[in-house]
Structures are given as C-alpha cells and as structure tokens.
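A.B. asks: fold the stuff below for me.
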Amino acid sequence: MLLSTIVSRQGHRVLTAANGLEAVALFEQERPQLVLMDALMPVMDGFEAARAIKAMAGDELVPIIFLTSLSENEALVRCLEAGGDDFIAKPYNPIVLQAKIKALHRLRRLQATVLEQRDLIARRNQQLLDEQRAAKAIFDKVAHAGGLDIPNVRYRQSPRALFNGDLLLAAQAPAGQMFVLLGDFTGHGLPAAIGAMPLAETFYGMTAKGHASGDILRELNGKLKQILPVEMFCCVALLDIDFHRRVLRVWNGGLPDGYLIRADGSRIALRSRHLPLGVLAPAKFDGHCETYPLQDGDRLLLLSDGVVESRNARDELFGEQRLLEVLERSAPEQLFDRIEQALAAFHGQAQDDLSLVEVTIGEPPPRATPSLAAPFEPRALDWVAEFELRADSLRTANPLPLILQVLLQTQPLRPRAGAIYTVLAELYSNALEHGVLALDSAIKRDATGFAQYYELRRQRLADLRHGHIRLRLQVHGDEAGGCLRIGIRDSGAGFDVVRVLAEDYRPAGLGGRGLRLVRQLSDSLEHDGADGLIVEFRWGARA
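C.D. replies: Here you go, the predicted structure:
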C-alpha cells in the first residue's frame, strides 16, 4: 500500500498483485510498462515471476525493479540474473525510486525507437531485395543473352553479390566467327554492374551486324568513357575466333594473362598490352588486336583477377605461380577441371568476383537460323548497287556490316545471311590483302610467318594512300525465284584470280582456306573475265 501510494503520487497508474502468480496473470492481461516486484513472495517468488514476465514481453522492453530487503551480493545478483533491470533496498526512498523510474522510462522509449527503426530497416531491405531481383532478371536478359550455351565454351562465375563487376559475353557474328568478352569493372555489387548494361547491348548489337573486333572495342571504350565516372573503368579481354580460317584475334586491357594452349601442351600467354576500357579518350584508344593461328584441339583460357587473388584461411593468395603450376601439370583437355579442383583444394575465399572461361577450337559451333519477320511473299526484285572504297576508307572503315544490312532488306536472302556475310568477308579480305596490299599467303607457312603476315598487313594498311576496292551487288527475282550476284575488283596486281581459281586447295600451311570456303557456301564462283570475281546466291519460289 505504501509503495502504491508513492508511485501514484508521482503520476503513474498502478496495478497491484499479492504474489508472483497473480503478478504474471495481471501482466498478461494489462501489459504494464514497468514492474516493481518484491523478491520474496508467497505462492511464486519474484525470481520466477520475473522470468515469466520477460518471456511474455518478448522483444518489448518491460523494465523490472526488484524491491528487496536482501543485502548479500549473491542475492542481488540473483535479482539481475532472473531478468531484473535494477533493484531498490527497503525501506524505499521516494526520490531515488522516482529517479530510477524516469531513467528506465527513458530506456524504454529508446528501445521502442530502436525496434521501430529495426522494423523500418527490415521493410526497406525487403523492398530493396525485391527491386534487385527484378533488376537482376532484366540485367540477365540483357547482359547474358549471348552464346554461353555453345558446346565449345565452358565457364565458371562466382560473384560476391547479386550484382557483380565480372561480365562474360559470347556471341556469333554473321560470318561465323565467335566473340568472347570477359570484363571486370572496378568495385563490387550494383555500382560495378551499372556499366555492364550498355556494354552488353553495344557488344551484342555490333557483333550481330558483323563489325570487326577493333570497331567493337573502340565503340565500347567510347561508350564507357562517356558514361562512367572517372574512378571507374572496365578491364577486358576480347577473343575474336574465326573457326573457318583458324585465326584468333585477341585484345587484353587490364585482365590477368590469358592463355592459348596448344593441343601438344605448349602455351602462349595472351598478355595485357592495353589500358582498360573507359580510361582513354576515343582519339587515343588503340583497338589493335594480336593475331595467332589456331588448330583443332587448341584451347583458349581467360580469367579475372578474382582467380589469382583468392585467399585461404591463412590469408595466402592463390597467386599466378600456383596457376602456372596447374597449367604445367595438366593435359589440355583436363585443364579447366584441374583449375577448379585447385581452387577448391586451396579453400579460396574469393576477394573479388571470380570468372574462368575456356573455349575449345574444333568444329564451328552451330548457328541459329534467323527467322523472318513475316512470311516471304514472292514479288519482283530488281536492283543494282555499287560501292567503291578508297584508301582512306580501306584504312579506317569496315563496309561489310552496312552492305549486309542493305542485302537483308531482300527477304529471301535472310535465311542465308551468315553464309552471305562470310563470303563477303572472304572476298573483301582477299581483295584488300592480296590485291591492294599485295600480301602473299605463302608467308603464312608457320606460326612465325603467320605473325609476320599480319604485322605486315597492319603496316601496309597504315601506309596506304592509293588504291580501291569495287563491290557490285545485283539482285533480280520474280515469282519463280531469284539470284544475288556479288562482283568484286581491286586496283592492285597482287592477286592472280585465274591462277588461284585453277589451284587445288592444299591444307599444308596456315593459309589458302578462303576461296575454298567461298565455293562451299555459295552457289557459284567464277572469274569475271578481267581481274575480279563473281559469286552467286540463288533462291527458289518458296525461299
């Protein structure tokens, strides 16, 4: 009664119970904000009652002040261990009691604020996760819309976050070559993935139109330089693999060394010789690729720095030396699995996003047949277009993507778009290299000559001031079918058309596949009577 009177006069509403059991029942019914409880009571003592009240209160803070005549330290400790937040020894001091009540009330308000903020954070976090899942679905459709399911490609990615800085893209070009791009943006998570969307969109758009690797790299660099903040960039390795001509073009800007691993186990390091994308202004960017010959059974390996920077429990780096030891001990066909096993055995804790990709050289991967936007309706087709490319254009431009887009306006040609582009690329390459630049395929007798050939090509093209290539496209068709005739001539004297057409293909060496491939893909290939070639593609009434 005395305690009730004191507390009531301090402005609080008071509920009383005669023992611990009544106190527990009263708390469950009324849910008071603070409990003053004697330690020693009949039926149920204060210790047991305090434990029950704390259990019912859950996350809510309900302070319990023990009122006790106990003075031994062990007894006071029991009060706190049972769930008490404070205690007051009898007889009661009203001033001290009021101060403790106010202090615990402030603590209760603070705890309520913390719980409210916790719930708000939980709701906001759930909202963020929902938004990230939706964004990730869009991101995957844009950034991973390419050819990673091609049998020639194996890869492993272990991102540290839902969004990550590592990006792996693969696509097939109309001419049949395959592009593989491994990128690593600075940073982690969503900020590092922001640049992936425009990069992937540009990559897929340009490869689908048949642009060359140098043009793709220049466009990607310009796009990232424009949109990324100065502290962000993207380390990239790009593989341009021509399965028909068995040629690899590679550009590495900032990633760890990749490797060209021969079928006999020898290897060539694909070193980083450029700055990452998004660093240099377009005028200073160098999109020149290194060129290597390929053979069946060769393998190409690319990795992000997350592989060599993986750490174990002793904070040791996996490192480049361990990777080289795996390369030394592994047969080419076991290499990818052995690297994965070595990383697992090392118990690496990735310090970065981790990406590993392997491409096997063999039969060209199958290409999907393009679908027509609408069923073909036979109608009269009759047009001629001529292009003359002079020295400045030959040095700096690739006309083939534009020409292909012109041809694909003729619907019957769309199902053979890949073959047409491959033939165009071979004809243009022969006219440029052997005609205008007067290069001899015999130089490509071995790997050393192969490298010499493409270095000579680069030098002569850079020095080119005169010369031209003429392309003539003629389409004629009616209800019975139609034909595309492609004629090509050049200003040079380095390509003896009559002699080359008369020669049988000999697989020795690293050249000579071009016109043989043109013959296989087209319906006819013939000399035009002067110094050029004419290729035909025909279609029937139900093309």
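A.B. asks: what residue is smack in the middle of the protein?
C.D. replies: residue 167 (1.7 Å; C-alpha atoms, centre = their mean).
A.B. asks: who does it form a beta bridge with?
C.D. replies: Assessed by DSSP bridges, residue 167 has beta-bridge partners residue 183.
A.B. asks: how about it, what does it touch?
C.D. replies: Counting by C-beta atoms under 8 Å, 6 or more residues apart in numbering, residue 167 touches 143, 181-185, 193, 196, 199-200, 234. C-beta coordinates here come from the backbone N, C-alpha and C atoms, glycine included.
A.B. asks: which one of the residues you listed is nearest residue 108?
C.D. replies: Looking at the contacts of residue 167 and their distance to residue 108, the nearest is residue 193, at 43.7 Å (C-beta to C-beta).
A.B. asks: the closest one: neighbouring residues, count only.
C.D. replies: Neighbour count of residue 193, defined by other C-beta atoms under 10 Å: 24.
A.B. asks: isn't it right up against residue 185?
C.D. replies: Yes: in this structure residue 193 lies within contact range of residue 185 using C-beta atoms under 8 Å: 7.1 Å.
A.B. asks: joint contacts of those two?
C.D. replies: With C-beta under 8 Å, 6+ apart, residue 193 and residue 185 have common neighbours 165, 167.
A.B. asks: beyond the helix or strand of the chain with the lowest mean pLDDT, next helix or strand please.
C.D. replies: Every helix and strand of the chain was ranked by mean pLDDT, DSSP states H and E. The lowest is helix 497-502, at a mean of 62. On the C-terminal side of helix 497-502, the closest following helix or strand by DSSP states H and E is helix 514-521.
A.B. asks: pull that next one out as PDB, backbone CA atoms only.
C.D. replies: Extracted C-alpha coordinates of helix 514-521, given in PDB (Å, rounded to 0.1, in the frame of the first residue of the first chain):
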ATOM      1  CA  GLY A 514      39.400 -18.500 -98.100                       C
ATOM      2  CA  LEU A 515      38.200 -19.300-101.700                       C
ATOM      3  CA  ARG A 516      37.600 -22.900-100.900                       C
ATOM      4  CA  LEU A 517      35.100 -21.700 -98.200                       C
ATOM      5  CA  VAL A 518      33.500 -19.300-100.700                       C
ATOM      6  CA  ARG A 519      33.000 -22.200-103.100                       C
ATOM      7  CA  GLN A 520      31.300 -24.300-100.300                       C
ATOM      8  CA  LEU A 521      29.000 -21.500 -99.200                       C
END
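A.B. asks: what ranges do the strands span in the stretch 1-150 of the chain?
C.D. replies: Secondary structure of the stretch 1-150 of the chain (DSSP state E, counting those that start in this stretch): strands at 35-38, 64-68, 86-89.
A.B. asks: let me have the ones you listed in CSV, extended by mean pLDDT and mean neighbour count.
C.D. replies: Formatted as CSV, the strands of the stretch 1-150 of the chain follow (pLDDT from 0 to 100; neighbours: other C-beta atoms under 10 Å):
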stretch, mean pLDDT, mean neighbour count
strand 35-38, 86, 22
strand 64-68, 83, 22
strand 86-89, 80, 16
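A.B. asks: wait, which of those is closest to residue 154?
C.D. replies: Taking the strands of the stretch 1-150 of the chain one by one with C-beta to C-beta, strand 64-68 is closest: 63.4 Å.
A.B. asks: helices or strands next to the closest one in the packing?
C.D. replies: Here strand 64-68 touches strand 35-38, helix 46-57, helix 73-81, strand 86-89, helix 94-143, going by 3 or more C-beta pairs under 8 Å, 6 or more residues apart in numbering; DSSP states H and E.
A.B. asks: select from these the stretch with the lowest mean pLDDT.
C.D. replies: In terms of mean pLDDT, the lowest-scoring of these is helix 73-81 (a mean of 74).
A.B. asks: for the helices and strands packed on strand 64-68, which one sits closest to residue 474?
C.D. replies: Closest to residue 474 of those, according to C-beta to C-beta: helix 94-143, at 38.8 Å.
A.B. asks: and that closest one with strand 64-68, angle?
C.D. replies: Going by axes from the mean of the first three to the mean of the last three C-alpha atoms, to 10 degrees, helix 94-143 is angled at 150 degrees with respect to strand 64-68.
A.B. asks: show me what whatever helix or strand comes next after helix 94-143 is packed up against.
C.D. replies: Next along the chain after helix 94-143, taking DSSP H and E as the criterion, comes strand 153-158. The contact analysis (3+ C-beta pairs under 8 Å, 6+ apart) places strand 153-158 against strand 166-172, strand 354-360.
A.B. asks: one step back: mind putting the helices and strands packed on strand 64-68 in CSV, distance to residue 172 included?
C.D. replies: CSV is the format used below for these (distance: least, C-beta to C-beta, whole Å):
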stretch, distance to residue 172
strand 35-38, 74
helix 46-57, 65
helix 73-81, 71
strand 86-89, 74
helix 94-143, 17
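A.B. asks: strands along the stretch 151-300 of the chain, start to end?
C.D. replies: According to DSSP E, counting those that start in this stretch, the stretch 151-300 of the chain carries its strands in the segments 153-158, 166-172, 178-185, 234-242, 247-253, 258-261, 267-270, 290-293, 299-303.
A.B. asks: for the record, mean pLDDT for the second one?
C.D. replies: Meaning strand 166-172. 88.
A.B. asks: next, the angle from that strand to helix 94-143.
C.D. replies: For strand 166-172 against helix 94-143, the angle between stretch directions is 20 degrees (the same axes, to 10 degrees).
A.B. asks: neighbours of residue 215, how many?
C.D. replies: 17.
A.B. asks: and it, how far is that from residue 251?
C.D. replies: Plainly put, residue 215 is 12 Å away from residue 251 if you go by C-beta to C-beta, to the nearest Å.
A.B. asks: name the residues contacting each of the two.
C.D. replies: In terms of C-beta under 8 Å, 6+ apart, residue 215 and residue 251 are both contacted by the residues residue 287.
A.B. asks: JSON lines for the strands of the stretch 1-150 of the chain, including distance to residue 445?
C.D. replies: Converted to JSON lines, the strands of the stretch 1-150 of the chain look like this (distance: least, C-beta to C-beta, whole Å):
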{"stretch": "strand 35-38", "distance to residue 445": "96"}
{"stretch": "strand 64-68", "distance to residue 445": "93"}
{"stretch": "strand 86-89", "distance to residue 445": "93"}
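A.B. asks: and of those strands, who's closest to residue 421?
C.D. replies: With C-beta to C-beta, the closest approach to residue 421 among the strands of the stretch 1-150 of the chain belongs to strand 64-68: 81.6 Å.
A.B. asks: so what are the sheet partners of the closest one and their directions?
C.D. replies: strand 35-38 (parallel), strand 86-89 (parallel).
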